[in-house]
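[1] Quick one, structure for this:
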Amino acid sequence: MNLKDKAALKKIQFYATSSYSCGYIQNREAQSIVATPYNRITSEIYSDLIKKGFRRSGQYVYKPNCNKCSACTPIRICAERFSLSKNQKRAFKKTSPLSFKILPLTFNKDHYALYVDYQNNRHRVQESADSNEDDYNDFLIKSNVNSKIIEFRSDGILKVVTIVDFIDDGISAVYTFFDTKDKRKSFGTYSILWLMERCKEDKLKYLYLGYWIDECAKMEYKTNFMPYELLINNSWQEASS
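    Numbering: from 1, shown residues only. Here you go, the predicted structure:
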């Protein structure tokens, strides 16, 4: 980080949000620290913050700051030393071949339709797709850092969309959604393995996967990619499953 970025970082302020219901562990209250103003957080500053455990959602950069819980643990995969397991090799083979494009972070109706279908099948039932475009844009399309969309298609049919941030030592996987109807494929695993290969090609050390929570079954997959590091007591420490 150069002197200009260090000076800009000093102008960033951090505040704690009010408590809200945790989206990962039942019957828990959550709280976050948010970096502000968001329009001053450049890609260089964000690169520094993500190493300290922050994460991005739209234009907002935050990290968990819960009073009675420390379950959310930042995780990153060591791309330089990563090698596929037998299961990952099988998953990649059965999902291939997919064509890809790296696109600017802009609204796309095909992407949005896939997102709504994914949410309806995996997370929640949305009352009206049309009324949620603003939420989709706020959540995934707005960014002040170096963000891209990577789309994957099979015979021209959209199958996977991955939103990523490029930082100085790696790639941060922000969010991935995919065709849930094709049960034979492992689109989520394929996306991570593709990003891992991209890190290697670009000589980037890490693939950041956000937060890992031991008590949350939805996040178990993150520790299947080894070796990985966890941010514990403000220090990245290599761990193993």
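[2] Only C-alpha atoms from now on, for both contacts and neighbour counts.
    OK.
[3] What strand or helix carries E215?
    E215 is part of no helix or strand when elements are defined by DSSP states H and E.
[4] hang on, it packs against Q26?
    No. Contact criterion CA atoms under 8 Å: E215 and Q26 do not qualify, at 10.1 Å.
[5] If you count surrounding residues, which of these two has more?
    E215 (12 against 9; other CA atoms under 10 Å).
[6] Apart from its neighbours in sequence, what residue is nearest that one?
    Nearest non-adjacent residue to E215, counting by CA to CA, 6 or more residues apart in numbering: I25, 7.2 Å away.
[7] ok, that neighbour - how many residues close by?
    The local packing of I25 (other CA under 10 Å) involves 14 other residues.
[8] Could you do N27 as well?
    Close neighbours of N27, defined as other CA under 10 Å, add up to 9.
[9] Look up phi and psi at C216.
    C216 has phi and psi values of phi -110, psi 110 when expressed as degrees, to the nearest 10.
[10] so what's it up against?
    When contacts are counted by CA atoms under 8 Å, 6 or more residues apart in numbering, C216 touches Y24, I25.
[11] So what's the residue count around the closest residue to F139 other than its chain neighbours?
    Once flanking residues are discounted, F139 sits nearest to G58: 4.6 Å by CA to CA, 6+ apart. Neighbourhood size, G58 [other CA under 10 Å]: 19.
[12] Enumerate every residue touching G58.
    N137, D138, F139, L140, I141, K142, S143 are the contacts of G58 under CA under 8 Å, 6+ apart.
[13] one step back: thought the residue nearest to E215 was touching A217?
    No. Taking CA under 8 Å as the definition, I25 is not a contact partner of A217, at 9.9 Å.
[14] in the sheet, who's paired with L158?
    Beta-bridge partners recorded for L158 (DSSP bridges): R153.
[15] so it makes contact with F177?
    No. Distance between L158 and F177: 10.8 Å, which falls outside the contact criterion (CA under 8 Å).
[16] what sits in contact with each of these two?
    Residues touching both L158 and F177 by CA under 8 Å, 6+ apart: L114.
[17] Helices of the protein, residue ranges please.
    Here the chain has its helices, by DSSP state H, at 3-10, 43-51, 86-95, 109-122, 133-136, 187-201.
[18] And K200, how close does it get to P227?
    14 Å (CA to CA, to the nearest Å).
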